[in-house]
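[1] Pasting the sequence and the predicted model now:
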Amino acid sequence: VDEATRHAARLWTLAVPEVSAFVASVVRDFQDRDDILQETAIAVIESFERYDPAKAFVGWAIGIARNQVRLHCRRKSRARIAFDSEAVDALAQAFTDDAPRDQRLDRLGECYEELDAKARDLCRLRYEVGLKPAAIAERARLGANAVAKALQRIRERLHECIERKAREART
Amino acid sequence: MTPEISAIIHGFLDGAISESDEARLNAWIKAAPENAMAFADMARLYDRLHNLVQAKQAIKPAMNAPTARIVSPPSGRSKISSRRVAVAAGGLAALAAIVLVAWWGGDATPLSAAAELNRLIDASGALPDRTYRITSLGPGPKPIEARQAPIDRATLYIRSPDKYVLVRRFSDGRVYATGFDGQRNWSAPPDGAVRLSHDPLRFRWALPGHQHGIPFADLRSDLIELRDAYTLSRIAPDASGRHGLRAEKKSHEYRGPNRVDVYFDINSGVVHRMVFDGLPQARGGPKSVAVELIEQRPLGDDFFQHDAHHAAGRRVVEED
């Protein structure tokens, strides 16, 4: 393996969280996300010679991911992008510009451990089993709105927690 | 951000909003860069939370069957998806590891490190009893407390899936044994009471890597953690020609040692040597240890019971 490929692999590894979040934000489905990420990784390595080192690698990789999202949706009729291309542009820019802030999420594991058992169980059903709020509601014998609200509150609580921990770390 | 937009963002991420709300969200994202950043912020959390929950479930020993069934992708998935089956529910960490291995493998074929680790995982449930010698590598801090027995030159006896006896020796020859008999963890210090506990983590802190999630005695669960939370690569075989894998931690979210090297017999699946590097030292342990196979022989039915490792008549305290 040549040095350029090694370099590409290193940069890709660092960029993966941001690219992954971008892809997930436009396709939402994690199976689609994983498929698109794999195709993006291949495209990144194959076209690395066209990368301009003067520019942010994350932005370049997100651009490639964007193309892969489009190709993926064309191949699979069930996959759909909810946003128009102008909104996707805005998101690609936001993920590129704000990438350094992603380090705050390194504290997500600690914050997750602070959730109560019920909240963690909801997370398990949503993120491990892959159920949507209506399906969780059936299992938990709750209303779908109640589940959706509970998931929202959990994410907001986690968001507040990582922000707080980031502030504490700074001080 | 208004509460209404916030609810729409969360509803969108959970796949539970109407098309009209999607259109509103689309317009809101385009309206200002700050809006797009606020959305990106929550989408990052959503994505990372998914990875975190997946990884936490994947590293649980002997994953419970109903969960495993639900997580398994449906049959008939694409070729790409079948690779994901190979890494089970490991999520992004495993995915990135596989991707890296695929292009960093040098003379190794793509995915070979992950495939070999999967073979080890499959084989780990049916291995004979094994005896390992633990050695500290390089100078490490001395035990903080005099009553702590050193891990250096300790002997570790293992029976799959998770029974173990760890025998440490003080410099004056006294023995401190801890273990798990399949039901209870136990601790038999050289003096004082022998203690028993159903708490799965009780008395295990001395095991190499245990404090940070790689308790070695439960090999299958260790290997699953390596597969899902570490970047894998093949390394040169050892002097005996045994295959080598290197696992390097991908993220601080995972608690394991920074790096683990594994040398194993490709045919039997027996691990002959593991080197844990970047271990926690808060309790006085070494930074790096090697765990080396010294013997494979049946250890007897009662070997993993506490009373096989202390004098008769000792006071025994059941903690729970």
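    Received the coordinates, thanks. Numbers count the residues shown, from 1 in each chain, chains lettered A, B, ... in the order given.

[2] Looks like residue A:87 contacts residue B:31 (just checking).
    No - using Cβ atoms under 8 Å, residue A:87 is not in contact with residue B:31; the gap is 9.7 Å. For glycine as for every other residue, the C-beta is placed from the backbone atoms N, C-alpha and C.

[3] Just want to know which of these two has more residues nearby.
    residue A:87 (22 against 12; other Cβ atoms under 10 Å in any protein chain shown).

[4] Where does pLDDT dip in chain A?
    Scanning chain A for pLDDT under 70 picks out A:1, A:76-80, A:99-102.

[5] For residue B:234, give the beta-bridge partners.
    The partner list for residue B:234 in beta bridges (DSSP bridges) reads residue B:245.

[6] middle-most residue in chain A, spatially?
    For chain A, the residue sitting closest to the mean C-alpha position, by Cα atoms, centre = their mean, is residue A:21 at 1.8 Å.

[7] got a list of what that residue touches?
    A:95, A:102, B:40, B:43, B:44, B:46, B:47, B:48 (Cβ atoms under 8 Å, 6 or more residues apart in numbering or on different chains).

[8] Report the buried residues of the helix or strand harbouring it.
    Assigned by DSSP states H and E, residue A:21 belongs to helix A:3-27. Applying a neighbour-count criterion of 16 or more other Cβ atoms under 10 Å in any protein chain shown, one finds A:8-9, A:11-13, A:15-27 buried in helix A:3-27.

[9] now residue A:151: how far from residue A:121?
    From residue A:151 across to residue A:121, the span is 12 Å (Cβ to Cβ, to the nearest Å).

[10] and what of residue B:197?
    For residue B:197, the distance to residue A:121 - Cβ to Cβ - is 26 Å.

[11] Could you list the low-pLDDT ranges of the stretch 51-200 of chain B?
    Across the stretch 51-200 of chain B (using pLDDT under 70), the flagged ranges come out as B:57-112, B:125, B:138-148, B:199-200.

[12] what are the ranges of the strands in it?
    Taking DSSP state E, counting those that start in this stretch as the test, the strands found in the stretch 51-200 of chain B are B:130-136, B:155-159, B:163-169, B:175-180, B:185-188, B:194-197.

[13] Now for residue A:136, how many residues are close by?
    Per other Cβ under 10 Å, the neighbour tally for residue A:136 reads 23.

[14] ok but it is inside a strand, no?
    No - counting by DSSP: H, G, I helix; E, B strand; the rest coil, residue A:136 is not part of a strand but helix.

[15] if I pick it, what's in contact with it?
    By Cβ under 8 Å, 6+ apart, the residues touching residue A:136 are A:122, A:125, A:126, A:142, A:147.

[16] farthest pair in these?
    Spanning the widest gap among the contacts of residue A:136 are A:126 and A:142, at 13.1 Å by Cβ to Cβ.

[17] Between those two, point out the one with more neighbours.
    Set side by side, residue A:126 and residue A:142 show more neighbours around residue A:126, with 25 against 15, by other Cβ under 10 Å.

[18] So the closest residue to residue A:139 other than its chain neighbours: helix, strand or coil?
    Spatial nearest neighbour of residue A:139, excluding adjacent residues (Cβ to Cβ, 6 or more residues apart in numbering or on different chains): residue A:125 at 6.9 Å. Per three-state DSSP, the secondary structure class of residue A:125 is helix.

[19] Hmm, residue A:125 is touching residue A:133, no?
    No - between residue A:125 and residue A:133 there is no contact under Cβ under 8 Å: 9.6 Å.

[20] Name the residue in the two with the higher neighbour count.
    A direct count of neighbours by other Cβ under 10 Å for residue A:125 and residue A:133 places residue A:133 higher, at 27 against 21.

[21] roughly how far is the longest helix along chain A from the heart of the chain?
    Longest helix of chain A, by residue count under DSSP state H: helix A:144-170. The chain centroid and the centroid of helix A:144-170 are separated by 16 Å under Cα atoms, centre = their mean, to the nearest Å.

[22] Comparing residue A:151 and residue A:121, which shows the higher neighbour count?
    Each of residue A:151 and residue A:121 has its neighbours counted (other Cβ under 10 Å); residue A:151 has more, 26 against 13.

[23] Residue A:156 - how many residues pack around it?
    Residues lying near residue A:156 (other Cβ under 10 Å) number 14.

[24] That one and chain B: what is the separation?
    8 Å (Cβ to the nearest Cβ, to the nearest Å).

[25] quick one, what contacts that residue?
    Contacts here follow Cβ under 8 Å, 6+ apart; on that basis residue A:156 touches residue B:6.

[26] can you do 10 Å?
    B:6, B:10, B:42, B:45 (Cβ atoms under 10 Å, 6 or more residues apart in numbering or on different chains).

[27] Correct me if wrong, but the first one is in a helix.
    So that's residue B:6. Yes - under three-state DSSP, residue B:6 sits within a helix.

[28] Let me know the pLDDT of it.
    pLDDT, the model's per-residue confidence, is 91 for residue B:6.

[29] and what of the last one?
    The score at residue B:45 is 91. That number is its pLDDT.

[30] Tell me if I'm right that it and residue A:159 touch.
    Yes - judged on Cβ atoms under 10 Å, residue B:45 makes contact with residue A:159 at a distance of 5.7 Å.
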